[in-house]
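[1] Compute the structure for the input listed below.
(2 chains)
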There are 2 protein chains.
Amino acid sequence: MARIAQKSRIVQKFGGTSVGDIGRIKRVVSHVKNAVDAGHEVAVVVSAMAGVTDDLVATVGQAADEWDSSEYDSVVSCGEQICSGLFALALQQAGVPARSWLAWQVPVRTDGVHGKARIQSIETDILAESMAQGQVAVVAGFQGLGPTGRVTTLGRGGSDTTAVALATALDADRCEIFTDVDGVYTADPRIVAKARKLDKITYEEMLEMASLGAKVLQTRAVELAMKYHVPVHVLSSFRGPPGTLLIDEDDFVEQHVVSGIAYSRDEAQITLVSVLDKPGIAAAVFGPLAEANVNVDMIVQNVSEDGANTDLTFTVGKADVDRAVGVLRTLRDALHFRDVVPDSNVVKISVIGVGMRSHAGVANRMFQTLADKSINIKVIATSEIKISVLIAEEYCELALRALHTAYGLDSA
Amino acid sequence: MARIAQKSRIVQKFGGTSVGDIGRIKRVVSHVKNAVDAGHEVAVVVSAMAGVTDDLVATVGQAADEWDSSEYDSVVSCGEQICSGLFALALQQAGVPARSWLAWQVPVRTDGVHGKARIQSIETDILAESMAQGQVAVVAGFQGLGPTGRVTTLGRGGSDTTAVALATALDADRCEIFTDVDGVYTADPRIVAKARKLDKITYEEMLEMASLGAKVLQTRAVELAMKYHVPVHVLSSFRGPPGTLLIDEDDFVEQHVVSGIAYSRDEAQITLVSVLDKPGIAAAVFGPLAEANVNVDMIVQNVSEDGANTDLTFTVGKADVDRAVGVLRTLRDALHFRDVVPDSNVVKISVIGVGMRSHAGVANRMFQTLADKSINIKVIATSEIKISVLIAEEYCELALRALHTAYGLDSA
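    Predicted coordinates for the structure are as follows:
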């Protein structure tokens, strides 16, 4: 619809510990009030209060051994429904006109993939009208309306995606993600004491950071922000600005080679020992895994020792290890491998930076730094703007700190 | 829509402690399974798990001092949303195809009076289609879809009303209300040890029982059942039949004078002492109270002592006492009364029976019985099928037992 007023629009998202209890909700509404007082039209997206979603998921698990994911979604989406109502009430209490919106009321339309639905469209006509009349729209995140009229959910962290998608649909001037950290860091500050907060990061780098383990933003949310050039601002609910701004690479004046270092303990390594080295072997291994819904990430095939057999190593999500090993054992006769060896004591360390495109030697510095610390690299994977290595989990902290120093990221 | 199959339809309602936790839900689904196995199409209505609604109401109270009842409804309706999903999952787990339905999905349309909405219509087309395909419909009770597309709730006990309204809309053969008592009793068996379970009770008597304090069924649900002649069966979730059947008076073969004795501690008495006794005084008192949303129940005006002044005594809900007294104090100069005396230590005792229409002396037996026990009657109110008296709360149990015996209701 046509913009009724010339006011700028802001989407603010509050999640997890920012809405941990009523006391916190009452504190964080001040961010909304400030934006309203500054003359903006504001839409708020909330996730569930900390712990509520976990409790609901646990209750579903008690009700049935294998659950119907459409019922799961209907139950679990209540966390955001409750929080949206309470947030609207807290805003009213602070003198800010507000109302809550559930996904089906907006509606936020998604596909029908329960538990990990994707937003297809957000109808903003009545929402924008309500906002133009001075009402803050408090939208329940994480939830959607599926094609058959049932409640869907977007997967863990889905409220970030709701916020960015809503910012796009409302043509908002910016999307502020309020969280319990004060921005995006060069590395996890709980491990790397010298980690620095980044003032800016490109969408692409943030995308790699998110998908490689940094838990500040949901990957899908960053993808959307990148696609629609939504200015996303990550900042602390408790300390406020300045946080970290997500921007287009073209807007980045001061280029740096490496922006940050991420890690993920969510993967496990599987090695097929002495598998027959013949054309089509990769398809024969990874086809059945894909059919069993196992996502394979890094893959390395060793040089054949004897020209006939080779070791094939790859990583899968830790939760999928047993399933993957089960599938592989059924292939033993067909593939003639000697053994399947899973190893969950691994960590993936990734160095990320758009500057890699134009700088040589970035990968080599990583390998040299790890070698200096006698850390063995099990698997390597690279893309245009990141290098990931798989190492033994026990070296995680050591490797993160050494790399952080090696790439000149340490704070003074 | 046309009935697809010749199967009979049953609506079963489970509330409160019947769905107190997952373990109980898993037990009570056997009632649904039995009905399905017997060849019926079944719709289930659930209320929230015991305690959940109270918790949600308390949370709303923490968020705001005076709340927007549309947000209250959106938050509080989650209790039923959660339970409907879990109940559907438990049915599936027991091998019974089922799906949950939220009010907006059916939809169950109501007026827009948040917190105590009234059902206006229930669209049953897609619900009935799903049932005809062998799926048990698990409908979230207590909630509705208001005219502006927001969630409404029907007030405490509203799931009973959802069940009866759904039975009407589906043209169901009967509506079974599963509860934690095994039927309707002649008096509260926790107080009157000799109370008997009634096999049958007329809608009218049940209506008086419900509105006079017996908490087995919501008043509005009984009104609907009476209006549409829905056979309602009240029975225990844990012990099953026989419970109590609600029927039309015409179907009652063995008439009795008194069916039961109810009590309510929810009322308080207010006395205006020495108010000016002139025409229009009642309107001058009760008009402002009605405007302040205070419901007045029993009213008695004493004979003037001196022909000029009188005491005016009436009852209001206990929760409204302070508000009522506040309103009355503002009227002091206009009405020239000497004092406002509230008294919350009262109980209303009611004797109910359709047989009163044709039997004299019923009221007198009540007065005589109470007099024999030296219990003073403060206020009396009568209707065609009930007599209510207000007495000091401390005599409640004594009065109930004495009246139960006096009307011949004691079990052998």
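[2] Work out for me the element the residue nearest to residue A:150 when sequence neighbours are not counted sits within.
    Using Cβ to Cβ, 6 or more residues apart in numbering or on different chains and skipping the chain neighbours, the partner closest in space to residue A:150 is residue A:70 (5.3 Å). Backbone N, C-alpha and C define where each C-beta goes, glycine included. Element membership of residue A:70 [criterion: DSSP states H and E] is helix A:69-76.
[3] Run the angle between the next helix or strand after that helix and helix B:78-93 for me.
    Using DSSP H and E, the next helix or strand after helix A:69-76 towards the C-terminus is helix A:78-93. Counting by axes from the mean of the first three to the mean of the last three Cα atoms, to 10 degrees, helix A:78-93 lies at 180 degrees to helix B:78-93.
[4] got a list of contacts for whichever helix or strand comes after helix A:78-93?
    Moving toward the C-terminus from helix A:78-93, the next helix or strand (DSSP H and E) is strand A:98-101. Strand A:98-101 is contacted from outside by A:32, A:44, A:84-85, A:87-88, A:91-92, A:127, A:130, A:135-140, B:68, B:70-71, B:74, using Cβ atoms under 8 Å, 6 or more residues apart in numbering or on different chains.
[5] what about strand A:98-101, average pLDDT?
    The average pLDDT within strand A:98-101 is 98.
[6] so how far is the helix or strand following it off the chain centroid?
    Counting by DSSP H and E, the next helix or strand C-terminal to strand A:98-101 is strand A:108-110. The chain centre lies 20 Å from the centre of strand A:108-110; the measure is Cα atoms, centre = their mean, to the nearest Å.
[7] right, quick check: strand A:108-110 against chain B, any contact?
    No. Counting by Cβ under 8 Å from any Cβ of the partner chain, chain B has no neighbours in strand A:108-110; the shortest distance is 14.2 Å.
[8] which one is the residue positioned nearest the centre of chain A nearest to, not counting chain neighbours?
    Centroid-nearest residue in chain A, with Cα atoms, centre = their mean: residue A:218, separated by 2.5 Å. Distances taken as Cβ to Cβ, 6+ apart put residue A:157 closest to residue A:218, at 3.3 Å, once the chain neighbours are dropped.
[9] can you tell me which residues contact that neighbour?
    Per Cβ under 8 Å, 6+ apart, neighbours of residue A:157: A:215, A:217, A:218, A:220, A:221.
[10] Most neighbours among these, please name it.
    Highest neighbour count within the contacts of residue A:157, by other Cβ atoms under 10 Å in any protein chain shown: residue A:221, with 29 neighbours.
[11] How about the secondary structure of it?
    helix (DSSP: H, G, I helix; E, B strand; the rest coil).
[12] any idea how far it is from residue A:162?
    Separation of residue A:221 from residue A:162 (Cβ to Cβ, to the nearest Å) stands at 8 Å.
[13] if we can go back for a sec, didn't the residue nearest to the centre of chain A look like it was pressed against residue A:161?
    Yes. The criterion here is Cβ atoms under 8 Å, and residue A:218 meets it with residue A:161 at 5.6 Å.
[14] Got the confidence number for the closest residue to chain B within the stretch 151-300 of chain A?
    The nearest approach of the stretch 151-300 of chain A to chain B comes at residue A:151, 7.6 Å away (Cβ to the nearest Cβ). Per-residue confidence at residue A:151 stands at 98 (pLDDT).
[15] And for residue A:105?
    Looking at residue A:105, its pLDDT stands at 98.
[16] OK, contacts around it?
    Residue A:105 sits next to B:149, B:150 when contact means Cβ under 8 Å, 6+ apart.
[17] Repeat that for residue A:346.
    By Cβ under 8 Å, 6+ apart, the neighbours of residue A:346 are A:267, A:268, A:269, A:315, A:378, A:390, A:391, A:392, A:393.
[18] Bridged to it, which residues?
    Note on residue A:346: beta-bridge partners by DSSP bridges are residue A:392.
[19] what do you get for the one 4 residues further on?
    According to DSSP bridges, the partner residues bridging residue A:350 are residue A:262, residue A:388.
[20] Surely it is in contact with residue A:388?
    Yes. Using Cβ under 8 Å, residue A:350 is in contact with residue A:388, at 4.2 Å.
[21] Within range of chain B, give me the residues from the stretch 1-150 of chain A.
    A:22, A:25-26, A:56, A:59-60, A:62-65, A:67-68, A:70-72, A:74-75, A:78, A:81-82, A:84-86, A:88-90, A:92-93, A:99-100, A:102, A:104-105, A:149-150.
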